[in-house]
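Asker: Sequence plus the predicted model coming up.
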Amino acid sequence: MSEMLEIMKEFFNMPLEERAVHYSEDLCKPVRLFTSTGVHDIVRLWRDCLRMAISPVENFKQYWPEKPSNLKKTVERYAVEMKGLTEKIFVLITEGLGLEYDYLNGGLSGQPMVSHVNYYPPCPDPSLTLGLAKHCDPGLVTLLLQGDVSGLQILCNGEWQAVDPVPNAIIVIYGHQMEFVTNGELKSVEHRAITNDMLSRISIATFIQPAMDCLVAPAKKLLDEKNPPLYKSFLFGDYFANYVANLGDKSKVTEHFQNTTP
Ligand SMILES: O=C(O)CCC(=O)C(=O)O
Ligand SMILES: [Fe+2]
């Protein structure tokens with residue numbers, strides 16, 4: 001994991017011309033570098049992001065950056081580790097909830113695994129910016145690796161709380177789909193990233209997401225008379241369009257997909 005952070009630091013320290021070859025606004029590209037400065041409507045964002053589809057490795061390896069020279073080898077190992085970790089986490093979650101052990105496999109985690117390497121340069125006035133604005137992750141699970149610089153905050157009882165880095169720890173964030181599938185049992189935490197004026201910061205978020213045509217609904221095993229479905233069934237593709245339109249605002253998106261009490 002530290003190798004992955006190191007190689008990505010090297011990537012973002014390369015001269016601009018070498019990084020710029022990966023820059024693209026084409027959302028369909030399996031690998032692209034982009035900047036989110038100015039994208040959000042309320043605050044200015046201070047982030048560059050290298051987005052890479054990482055698994056299945058054989059499908060995407062050819063698109064990963066050639067430089068720095070051992071980036072491909074490092075990303076490949078990282079992808080294999082993240083896939084293995086996902087399987088372990090799925091077993092623990094399904095066992096804990098009393099669902100079939102493979103309930104989260106298949107369509108619910110059917111999209112290729114994607115990593116966002118977030119690079120937050122030092123910001124002269126952090127009070128005017130955020131690295132990433134408040135959001136909940138749209139998928140099922142996010143595996144987040146943060147380096148040794150603080151910046152991640154989660155919304156806890158209406159207050160922002162820092163999640164300080166623990167060396168080599170992966171933070172498991174439940175995405176919004178986990179909340180729907182578990183009928184609200186496992187909550188998707190809202191979070192954001194702040195900037196600082198001294199240090200650059202790198203975080204690597206790996207997203208496990210449903211296939212676009214996957215039907216998402218509360219698991220039947222978790223429902224009975226006392227626990228009616230809190231949410232509608234929907235196609236993940238429809239959810240995602242709504243998420244993008246609402247800039248990841250959890251309460252607005254939830255409103256759209258929740259069952260109204262009679
Ligand atoms: O930089 C961080 O710690 C948060 C990243 C994040 O929330 C994301 O990429 O979805
Ligand atoms: Fe996130």
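Answerer: Good, I have the coordinates. Numbering: from 1, shown residues only. Ligands and ions are numbered 1, 2, ... in the order given.
Asker: tally of neighbours for the nearest residue to Val31 once chain neighbours are set aside?
Answerer: Of all residues not flanking Val31 in the chain, Tyr63 sits nearest, at 4.3 Å (Cβ to Cβ, 6 or more residues apart in numbering). Heads up, the C-betas are built off the backbone N, CA and C, glycines and all. Counted with other Cβ atoms under 10 Å, residues neighbouring Tyr63 total 14.
Asker: Also Asp125?
Answerer: Asp125 - counted by other Cβ under 10 Å - has 9 other residues nearby.
Asker: now it, nearest residue through space, not along the chain?
Answerer: Distances taken as Cβ to Cβ, 6+ apart place Asp197 nearest to Asp125, at 7.1 Å, with adjacent residues excluded.
Asker: Do stretch 29-36 and ligand 1 come into contact?
Answerer: No. Stretch 29-36 lies apart from ligand 1 when judged by Cβ under 6 Å from any ligand atom; the minimum separation is 10.0 Å.
Asker: I'd like the mean pLDDT over that stretch, please.
Answerer: Stretch 29-36 carries an average pLDDT of 90.
Asker: can you give me phi and psi for Leu140?
Answerer: Main-chain dihedrals, Leu140, degrees, to the nearest 10: phi -100, psi -50.
Asker: again with the one 5 residues further on
Answerer: The phi and psi values for Leu145, taken as degrees, to the nearest 10, are phi -110, psi 120.
Asker: next one: Val141
Answerer: phi -140, psi 140.
Asker: Could you report the neighbour count for it?
Answerer: 25.
Asker: likewise Lys187?
Answerer: Neighbours of Lys187 (other Cβ under 10 Å): 13.
Asker: Look at the residue nearest to Asp125 and give its secondary structure.
Answerer: coil (DSSP: H, G, I helix; E, B strand; the rest coil).
Asker: Might you report the residue contacts of it?
Answerer: By Cβ atoms under 8 Å, 6 or more residues apart in numbering, the contact set of Asp197 is 122-126.
Asker: By neighbours, which of the residues you listed wins?
Answerer: Cys123 (19 neighbours).
Asker: Might one say that Gly107 is in contact with Ala211?
Answerer: Yes. Between Gly107 and Ala211 there is a contact at 5.0 Å, judged by Cβ atoms under 8 Å.
Asker: show me what contacts the nearest residue to Glu18 once chain neighbours are set aside?
Answerer: Sequence neighbours aside, Lys67 is the residue nearest to Glu18 in space, at 6.0 Å (criterion: Cβ to Cβ, 6+ apart). Counting by Cβ under 8 Å, 6+ apart, Lys67 touches 11, 14, 18.
Asker: Reformat these as CSV; add secondary structure, neighbour count and pLDDT.
Answerer: Output for the contacts of Lys67, formatted as CSV (DSSP: H, G, I helix; E, B strand; the rest coil; neighbours: other Cβ atoms under 10 Å; pLDDT from 0 to 100):
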residue, secondary structure, neighbour count, pLDDT
Phe11, helix, 20, 96
Met14, coil, 13, 94
Glu18, helix, 13, 93
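Asker: Note down every partner strand of the one helix or strand Tyr119 maps to and its orientation.
Answerer: Element membership of Tyr119, judged by DSSP states H and E, is strand 113-120. Strand 113-120 has the following strand partners under DSSP bridges: strand 48-55 (antiparallel), strand 201-208 (antiparallel).
Asker: follow-up on the earlier one: mind checking how far the residue nearest to Asp125 is from Pro124?
Answerer: 6 Å (Cβ to Cβ, to the nearest Å).
Asker: any common contacting residues for these two?
Answerer: Counting by Cβ under 8 Å, 6+ apart, nothing touches both Asp197 and Pro124.
Asker: Mind jotting down where the helices sit in this structure?
Answerer: 2-13, 16-20, 57-60, 71-97, 176-181, 236-245, 250-257 (DSSP state H).
Asker: Measure how buried Leu247 is and give me the count.
Answerer: By other Cβ under 10 Å, the residues close to Leu247 number 15.
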